[in-house]
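Chemist: generate coordinates for the sequence data below:
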Amino acid sequence: MSRAAVFIDGANLFFTQRHLGWQIDFSRLMSFFISAYGSVQANYYVPASEPVSEENAAFTRVLTAHGYRITSKPVKKIVNKETGVVVMKGNLDVELVVDALSAAEQYDTFILFSGDSDFLPLLRALKDKGKEIIVYSTQGLSARELLAEPGITYGDLALLKERIEQVRPGDPLRVEGLATANELDFSLPLPEVGTIFTGGVLKVQPYGIFLSSPYHVKCLLPLSFLGISRHIADLTAIVRMTDVFDVVVFHVNSAREVAEITVKLADKKMTEELTSRIEG
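Modeler: Numbers count the residues shown, from 1 in each chain. Predicted coordinates:
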C-alpha cells in the first residue's frame, strides 16, 4: 500500500468546521487514513495565541496522542500606524509548503486539508514529482481554481461526516458557536483496568505498537503482551498498518502531561496470525 502524508491547514479547517456545523474527531480521521494507506504522516499547522489556554493545551495533547505532528507559531499583532487598526497575523502557509517539498521523497500521496488556492503552486510542483494529490475541503469554501485544476482529486468533507464526526454516546452534537479548536472539550474519562476496546496501528516500534483509542491518550501494546512465544527479531516486519487489535487495558498512567495506557492483546486469532507471519 502507498505512503500518505496529510497536511492540515488548521486555520482553514477552523472555518470549514464552522461552515459544516460539526466537529472533526481527529482520532477517527487518523483511523480513516490508516485504513487506506500503508503508512500515514499527519501534520497539523496552527497559529498559537499567547498565553496558551488550557483548552488549547488539551487540544494539542489530543493531536499528539493520536500521531499528529504540530507546527505552530505565535500570532503577531500588527498595528497600522496611520489608522491604529490592529491586524492579527498567524499564517503558516510557507511552513507547510517547505515541509511538504522537503519530505516529498517520504510519501506517494499528498493529502491537503484546505480550500485555499494559494497552495496551487505547491500542488503543481508535487504533481510534477509524480505524487498523487488529494484535496479535502467543502463546497462553498473551496477556491474555483482548486476545483478546476487537472490531476487533483477533490474530497468534500461533508460526505465524510459519518466517518470522522466527533460524536459521543448520549451527548447531543454541539454546533452553536462551533469553529474553534480550543473550544472543544476533550475531557473524556480515562479507561479502567480491564476495559476492552479495538485500536488501529499508529506506529510500530521494536518494543511495541502504538494504537489509536477512543480515550485521547497514548496507547502502547508492548511486544511482551502480544502472547507470542516465538522470538521476534523485527516487529515492524510482522505488523501491518491495516491491522486492528482487540485489547484490554492493563495499566493507566495519568501522571504525565498526556495520559498513557498500556494494553494487552485480547484476541487469540490475532496472536495466531502474527505467529504465522513469523513462521512465514
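
Chemist: tell me where the protein has helices.
Modeler: Listed in chain order, the helices found in the chain under DSSP state H are 10-20, 26-34, 54-65, 93-102, 120-128, 144-148, 161-164, 268-279.

Chemist: of all these, which one is nearest residue 137?
Modeler: helix 10-20 (6.1 Å; Cβ to Cβ). The C-beta positions use only the backbone N, C-alpha and C, and glycine is treated the same way.

Chemist: who are the packing partners of the closest one?
Modeler: The contact analysis (3 or more Cβ pairs under 8 Å, 6 or more residues apart in numbering; DSSP states H and E) places helix 10-20 against strand 39-48, strand 109-113.

Chemist: pLDDT at residue 174, what is it?
Modeler: Note on residue 174: pLDDT of 37.

Chemist: can you report how many residues neighbour residue 208?
Modeler: 19 (other Cβ atoms under 10 Å).

Chemist: now residue 199
Modeler: Neighbour count of residue 199, defined by other Cβ under 10 Å: 22.

Chemist: dump the residue contacts of it.
Modeler: Residue 199 makes contact with 211-213, 219, 221, 244-245, 247, 263, according to Cβ atoms under 8 Å, 6 or more residues apart in numbering.

Chemist: state the distance from the closest residue to residue 31 other than its chain neighbours to residue 157.
Modeler: The spatially closest residue to residue 31, leaving aside those adjacent along the chain, is residue 200, at 4.9 Å (Cβ to Cβ, 6 or more residues apart in numbering). Using Cβ to Cβ, to the nearest Å, residue 200 is found at 20 Å from residue 157.

Chemist: returning to what we had before: what bridges to the residue nearest to residue 31?
Modeler: Beta-bridge partners for residue 200, by DSSP bridges, are residue 244.

Chemist: any idea how far it lies from residue 66?
Modeler: Distance of residue 200 to residue 66, computed by Cβ to Cβ: 10 Å.

Chemist: how about residue 258?
Modeler: Distance of residue 258 to residue 66, given as Cβ to Cβ: 10 Å.

Chemist: ok, residue 155 next?
Modeler: Distance from residue 155 to residue 66, by Cβ to Cβ: 20 Å.

Chemist: quick one: which of the two has more around it?
Modeler: Legend: neighbour count by other Cβ under 10 Å for residue 155 and residue 66, higher for residue 66 (23 against 14).

Chemist: surely that one meets residue 212?
Modeler: Yes - at 6.2 Å, residue 66 and residue 212 qualify as touching, with contact defined as Cβ atoms under 8 Å.

Chemist: quick revisit: quick check, nearest of the contacts of residue 199 to residue 120?
Modeler: For those, the nearest to residue 120 is residue 212 (32.6 Å; Cβ to Cβ).

Chemist: check what pLDDT that closest one gets.
Modeler: On pLDDT, residue 212 comes in at 78.

Chemist: show me what contacts it?
Modeler: In this structure, residue 212 makes contact with 27, 30-31, 34, 66-67, 199-202, 219, judged by Cβ under 8 Å, 6+ apart.

Chemist: please repeat the previous calculation with a cut-off of 10 Å.
Modeler: Counting by Cβ atoms under 10 Å, 6 or more residues apart in numbering, residue 212 touches 27-28, 30-31, 34, 65-67, 197-202, 219, 244-245.

Chemist: cool, residue 138 as well?
Modeler: 15-17, 19-20, 115, 155-160.

Chemist: and the contacts of stretch 146-153?
Modeler: Contacts for stretch 146-153 (Cβ under 10 Å, 6+ apart): 109-112, 114-120, 123-124, 126-128, 131-137, 139, 143, 154.

Chemist: buried ones among the residues you listed?
Modeler: 109-112, 114-117, 119, 123, 126-127, 131-137, 143, 154 (16 or more other Cβ atoms under 10 Å).

Chemist: any idea how far residue 2 is from residue 115?
Modeler: For residue 2, the distance to residue 115 - Cβ to Cβ - is 24 Å.

Chemist: should've said residue 42
Modeler: Distance from residue 42 to residue 115, by Cβ to Cβ: 19 Å.

Chemist: now do residue 6
Modeler: 15 Å.

Chemist: next: residue 238.
Modeler: The gap separating residue 238 from residue 115 is 40 Å, by Cβ to Cβ.

Chemist: related to what we said a few turns ago, what do residue 200 and residue 66 both touch?
Modeler: 27, 30-31, 212-213.

Chemist: with that, I have no additional questions.
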